[in-house]
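In: sequence and predicted model, in that order:
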Amino acid sequence: MAAIAKPQQQSLQSSLAAITARMRSTILRALTSRALVDRRHVTCAIASADAKIVQVDNPARLVVTDAVLHAVLAAFDGKLSDGDVVLTNDPFSGGTHLQDATLVTPIFLRKKLVGYGIAQVPLADIGGQSLGGYYPFALEIWAEGVRVTPVKFYRGRQIQRDALTMLLLNSRLPHLIEKDVEIVVGVLNQCKTDVKSLVTQYTTADYTREVQDLLADTEAQARRAIQTFAFGKGYGQSVPIHSCLEEKEFRVVTRLSIVDGTVRIDFSDTSPTAKGFINATATTTKAAALMPFLGLWPSLFVNSGLLSVFSCVIPEGSLLNAKVPQSVGWSVYEPSLTVAYGIDAHIQQAQLAYVSVPQVTNTFSPPALPFMITGCGRPGCPFPSLPRA
Amino acid sequence: MVDRITALVVKDSLEAISEEMSKTVERTAVHPLFNEVHDYSTGVFFYDGSNVRLVARATAIPVHIFASILSVEALMNTFRDDLHEGDIVMLNDPYYGGTHHADWTVMKPVFFEGKPVLFPSVRAHMADFGGPVAGGYNPEAKDIWQEALRIPPIKLFEKGVLRHDILEWILANSRIPNVLRGDLAAMFGACNLAEQRIRALFTKYGGEVVNESIEYTLDYAEKRFRAEVAKWPDGVYEATSTLDHDSQGTHDLQVKATVTINGSDLSVDFAGSSPETPGFVNSPFGNTASWVFTALCAVLPEDIPVNSGVFRAVKITAPEGTVVNPLPPAPCMFSTVVIGGDVGTATMRALAQAVPEKAGAVSLNYCLCTTYGHDSRYNSMFVTIEYGNTLVAASGTRGCDGWGGWPAPMCGLIYSTVEMSEIQFPFRYHQYEYVSDTAAPGQWRGVPGFAMKRESVRDTSILNVALTGVRHTSPGFAGGKDGASSRYVLNWGTDHEEEVLESAANRPSPPGTIIATFKGGGGGWGDPFARDPHKVLDDVLDEHVSIEQAEKQYGVVIDQHTLKLDIEETIRCRARMAK
């Protein structure tokens, strides 16, 4: 991974990174609920007109932003209008858990679509059985909170007041949510201005070409790097994962292999779905699986070009490919941490020059939350065992 | 000024429109709660720029009636200046004039000559809408977000165009989205049909005649109501009703009603009722008012139209922060039956002091059991309310024994049949019948208690149970006895048999397990010793009353061999027992 990007790509990448850095900085400073939520989940991204993530400031969220953008476009037949802002927190619309809301807006320059601005922020509360939405005894997603499938909260710059009222009505902390949505919409507007300013430095056609080159170059570099991999037996089984609702042992099983120059991660022998909030959507699983590889390539531009060199086999009905109505609230920490550790171990077996454990741990370790999560109290339960609510 | 005949024709036309809406919903909805049980109401509303008024309704669920007005009012307040032809708006939030999450109100403004003139509306109990517990009845809820999705006034159709994203959002929060989609479509269809009929009515008669007819109808109802109240003795009548529990450890919740009659004025004040409570029984104002009118309508002559003319003649005061007018985020899902039933009972007990000959039960003492799960026969989720443990609560009234399945407040409902339930859900019923010697004695007795045994077959179901009417049972009136106490047993007939005393949440019911329930019936009316002995004999022959209890409760002696009434011995027995 020693290849050096072309100067114009470096320049474009730096400009895009500056835009998302500005977005991130604004969000982190202004987010009213920042004391209550996991700020590591704040993500800002810019996508191309053909819905590929070109820049994301939080590499662990590349897969998520990509998947949510596609789900949003699918919900509106691929068409968003200038001034639209779509919000979704739905794990089954490309997302992770209900606490993470993604807002998407299209960017038009002289009536031509040039890309999308994307911002992901945690929601302090979205209803359900417990404040904050982390409920170990949730049998279904609706016990964790309200699913918001892709909904236009702004339509052609016009706020959809009734939709916003419905969102706020379903939160115990509506004032925080209202302010946070307002902040993110402002940040997306700034993103649009900045991207349009950037595109005007090129012609639209040149910008589009440069973006495609950037994506292609990332893919090519990743493919070259993969040729150096030797995973050995490429098999690993995790330690048991705890569920507060079942006394079974849930394990993640990973098999890594190189197929046609791409990394194939097979989770086929992973435990089946659990009762409780430790199921992960396929998006969450893929995001966790990709994370250790990003540690291998610190100089690589993180964009959707990477996604075409990784494939995951995650059977439906397994712990790592939850479907409606399974609960998924804790999945961004566990089993994500276990998935990432498993991949991490493979990479270390392959004796690649890589030290990623701190990065993985920092990304997926449970956050310090200002409210209590009450668990079952059995051995291995990571939560305090107070009387059940 | 419109003539009386034309006014009545217009009034009846609007009621016919409401009825046609009702039939449309019945024939096109998907869930049995609609097409079999009829847990919905239809009506036409009028808005004069400041107040919403109900002008016509189909046979409806009494508890929907008044709350519908507040819901339509909330919709008008939200969209007053932003309503267009083709809009369809809806809500379910209890604190936007609703009752509980389950009752959704859909309304369509009908325009004539560029102005919204009337507002047909459907209010219906939906089967599932997210939340930790299917059906929304969560005995463990301590706030409203632990119950279900909250929908404020929102546009589903905008100028005739469906907002797909909003609809999909709502459907994503249901365990049975395809059923919900169909049920909503039925409600939209009913409103669209009403729009056509109302336009035709306006075209035929003109706006002025229709508006004057509406005013005439409302004035007529108010005049009739006031004339009736004026016949009742003036006074201040106080009464209470007590609820066993709220499922969260609070017991003996009190609803206190003070009914004041002064000439033709009538007011009901709930000062002195218990503070709002952590459990899911709190009754939003719309629900409380609906139950007041349920009690009032029960003592009115049948031919008085129930519309806003009646409503505007009654003043209801319910202090904020109490169980009869809680503040958000108090949970309230169970309120449509309890505390609601207690509002009705307290009001009726107060009215019974003024007009005892008209008193009768308006409470339910509901035994709630929602069941959900996966039905492997159809490879789909199901959610349903079990009615076998909710039936019977009708008291005796002067001149009539307690009757049938549903009590008066649920008289618009039709209970689903055992056969259909077994087809639609993975259940098998072993018992579904009245129980002997459980009818509350009175000159006119209450309806007997009802026993049900239901087995889960093929698939494991999840149960949520909340039992009331155990310590505070259905009331008797004018000397009649109270109804029997209810029971609910899980895992009946096994070593793990468990009697539910108050509530049980998220209990699995694996195939082969049986729930056994007994629902206490309604109270009696009048002195049991004043009951016609021949009616007691009929009850014995019908096996509602045993020969032993006939003598013990009614002083009626029946020969156990011939099953003939012994009149002379009965007279002696009653005289002896009267001492």
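Out: Structure received. Please read all numbers here as calculations on a predicted model, not as lab measurements.
In: the longest helix in the chain is where?
Out: With no chain named, the answer covers chain A. Scanning chain A for the longest helix, with DSSP state H as the assignment, gives helix A:174-200.
In: that answer is for a different chain, and I need it for chain B
Out: Chain B, longest helix under DSSP H: helix B:177-205.
In: ok, residues contacting the following helix or strand past that one?
Out: Using DSSP states H and E, the next helix or strand after helix B:177-205 towards the C-terminus is helix B:207-230. By C-beta atoms under 8 Å, 6 or more residues apart in numbering or on different chains, the surrounding residues in contact with helix B:207-230 are B:1-2, B:4, B:6-11, B:14, B:46, B:53, B:55-56, B:112-113, B:117, B:201-202, B:205, B:261, B:263-266, B:300-301, B:303-310, B:312-313. Yep, even glycine has a C-beta here, placed from its N, CA and C like the rest.
In: using CSV, write down the CA coordinates of stretch B:1-20.
Out: Output of stretch B:1-20 as CSV, limited to C-alpha atoms (Å, rounded to 0.1, in the frame of the first residue of the first chain):
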residue,chain,number,x,y,z
MET,B,1,-85.3,29.3,7.5
VAL,B,2,-85.4,25.7,6.6
ASP,B,3,-88.6,23.8,7.1
ARG,B,4,-88.7,21.0,9.6
ILE,B,5,-89.3,18.2,7.0
THR,B,6,-86.4,19.3,4.9
ALA,B,7,-84.2,19.6,8.0
LEU,B,8,-85.1,16.0,9.0
VAL,B,9,-84.4,14.7,5.5
VAL,B,10,-81.0,16.3,5.5
LYS,B,11,-80.3,15.0,9.0
ASP,B,12,-81.3,11.5,7.9
SER,B,13,-79.3,11.8,4.8
LEU,B,14,-76.2,12.6,6.8
GLU,B,15,-76.9,9.6,9.1
ALA,B,16,-77.4,7.4,6.0
ILE,B,17,-74.0,8.6,4.8
SER,B,18,-72.5,7.7,8.1
GLU,B,19,-74.1,4.3,7.9
GLU,B,20,-72.8,3.8,4.3
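In: buried sites along the host helix or strand of B:Phe382?
Out: Element membership for B:Phe382 (DSSP H and E) is strand B:380-385. Judged by neighbour count using 16 or more other C-beta atoms under 10 Å in any protein chain shown, the buried positions of strand B:380-385 are B:381-385.
In: check stretch B:46-54 too.
Out: B:46-47, B:52-54.
In: quick one: contacts of that stretch?
Out: Stretch B:46-54 is touched from outside by B:43-45, B:55, B:65, B:68-69, B:72-73, B:76, B:116, B:118-119, B:214, B:218, B:307-308, B:311-312, with contacts defined as C-beta under 8 Å, 6+ apart.
In: for the helix or strand that the strand holding B:Phe382 is followed by, what is the distance to the chain centroid?
Out: Reading on from strand B:380-385 to the C-terminus, the next helix or strand found by DSSP H and E is helix B:418-424. What separates the centre of helix B:418-424 from the centre of its chain is 23 Å, taken as C-alpha atoms, centre = their mean, to the nearest Å.
In: what's helix B:418-424 in contact with?
Out: B:32, B:36, B:382, B:384, B:388, B:427-429, B:432.
In: for the residues you listed, give me JSON lines that also has distance to B:Ser247.
Out: Output for those, formatted as JSON lines (distance: C-beta to C-beta, whole Å):
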{"residue": "B:Pro32", "distance to B:Ser247": "26"}
{"residue": "B:Glu36", "distance to B:Ser247": "28"}
{"residue": "B:Phe382", "distance to B:Ser247": "24"}
{"residue": "B:Thr384", "distance to B:Ser247": "20"}
{"residue": "B:Gly388", "distance to B:Ser247": "21"}
{"residue": "B:Phe427", "distance to B:Ser247": "24"}
{"residue": "B:Arg428", "distance to B:Ser247": "29"}
{"residue": "B:Tyr429", "distance to B:Ser247": "26"}
{"residue": "B:Tyr432", "distance to B:Ser247": "26"}
